[in-house]
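Peer 1: pasting the sequence and the predicted coordinates here, then a few questions.
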Amino acid sequence: MPGGRLTQQERQQIALGLADGLAYAEIARRLDRPTSTITREVMRNGGPTAYRADLAHRATERRAHRRRQTAPRGQGAPTQDHGRDDEAVREYEETFTTLFMQQGLPKMTSRVLTCLLTTDAGSLTAGEIVQRLQVSPASVSKAIAALESLGLVRRERDERRRERYVVDNDLWYQSTIASARGIAQVAETARQGVTILGRDTPAAARLENIARFSDFISESILRAAEQVREVLYTKPETTPGDTTTPGSDRG
């Protein structure tokens, strides 16, 4: 499977595939590329309905040029800790960002959430996010507000009275619970339509099936989240080959 950056010819093939209604996996198969590469390429360049090969290629060249300019001066993203490979980290961050975008988050909101999730500290100030992502303070503020409304980020002040934005295990748990309750609300609303539309009608039968399905999914998520909540607070194994049960560090 070929590596490296996509060529202009490959981007043209992606555009043709999208115009023909091909799935990302099929386009990836034809180009002998990972599906994640095609998904990330399309989502960060306008999405499936607005993707243009020439614009995508120029945008990629501009991003690469900016990285070359900022890296020597030390004004861009900080040097990676723990001997991490800069390029591998960037590719992973783009993959994570694309995943959030596919799930409905705006691009900047997705970038900020990925930035917070992949920092070792688990929290950053607005200025630190601006520096890492090389974006405007206003765009970070808007993204943080969106993440707070979803329960994915909380604010706290550090010892220097600076406002920090935090992601932690409990927030992830609470977000999962909120998602399950949202699905339960879909079930409740769908079931209301059964009576309104007439129980013996095709529309009512459809809504009843949606309600039963949503009930099952919601209850399953809630039950599973409670059963495995401790996993979020358990230190992963660090010794290769050790199969003992890890101890909890919840404190």
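Peer 2: Thanks, I have the structure now.
Peer 1: show me where the stretch 151-251 of the chain has strands.
Peer 2: 154-157, 163-166 (DSSP state E, counting those that start in this stretch).
Peer 1: which helices and strands sit right next to the first one?
Peer 2: Packed against strand 154-157, as judged by 3 or more C-beta pairs under 8 Å, 6 or more residues apart in numbering; DSSP states H and E, are the following elements: strand 163-166. No exception for glycine: its C-beta is placed from N, CA and C like everyone else's.
Peer 1: report the distance from the strand it packs on to the chain centre.
Peer 2: From the chain centre to the centre of strand 163-166 is a distance of 19 Å (C-alpha atoms, centre = their mean, to the nearest Å).
Peer 1: for it, name the packing helices and strands.
Peer 2: strand 123-125, helix 126-133, strand 154-157.
Peer 1: and these as JSON lines, adding distance to Gln13 and mean pLDDT?
Peer 2: Rendered in JSON lines, the data for these read as follows (distance: least, C-beta to C-beta, whole Å; pLDDT from 0 to 100):
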{"stretch": "strand 123-125", "distance to Gln13": "38", "mean pLDDT": "93"}
{"stretch": "helix 126-133", "distance to Gln13": "30", "mean pLDDT": "92"}
{"stretch": "strand 154-157", "distance to Gln13": "44", "mean pLDDT": "89"}
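Peer 1: out of those, flag the one nearest Val89.
Peer 2: helix 126-133 (11.2 Å; C-beta to C-beta).
Peer 1: list of residues touching the helix or strand just after the closest one?
Peer 2: Next in sequence after helix 126-133, counting helices and strands by DSSP states H and E, comes helix 137-149. Contacting residues not belonging to helix 137-149 are listed as 105-106, 108-109, 111-113, 126-127, 129-130, 133, 153-155, 165 [C-beta atoms under 8 Å, 6 or more residues apart in numbering].
Peer 1: so how do I select the buried members of those residues in PyMOL?
Peer 2: Applying 16 or more other C-beta atoms under 10 Å to the contacts of helix 137-149 leaves a buried subset, and the PyMOL line that selects it is:
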select buried, resi 105+108+109+111+112+113+126+129+130+133+153+154+165
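Peer 1: quickly name whichever of the contacts of helix 137-149 is closest to Leu197.
Peer 2: Distances from Leu197 to the contacts of helix 137-149, taken by C-beta to C-beta, are shortest for Leu105, at 33.4 Å.
Peer 1: run through the stretch 101-250 of the chain and note the low-pLDDT ranges.
Peer 2: 236-250 (pLDDT under 70).
Peer 1: now for the contacts of helix 137-149: which two are most distant?
Peer 2: By the measure C-beta to C-beta, Leu105 and Gly127 form the most distant pair in the contacts of helix 137-149, at 22.5 Å.
Peer 1: hang on, the earlier thing: redo the helices and strands packed on strand 163-166 as TSV? Include distance to Glu148.
Peer 2: Below are those laid out as TSV (distance: least, C-beta to C-beta, whole Å):
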stretch	distance to Glu148
strand 123-125	14
helix 126-133	13
strand 154-157	7
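Peer 1: looking at those, which is closest to Tyr92?
Peer 2: Comparing the helices and strands packed on strand 163-166 by C-beta to C-beta, helix 126-133 comes nearest, at 14.2 Å.
Peer 1: that closest one: how far from the chain's middle?
Peer 2: Using C-alpha atoms, centre = their mean, the offset of helix 126-133 from its chain centre is 18 Å.
Peer 1: check stretch 180-189 too.
Peer 2: 23 Å.
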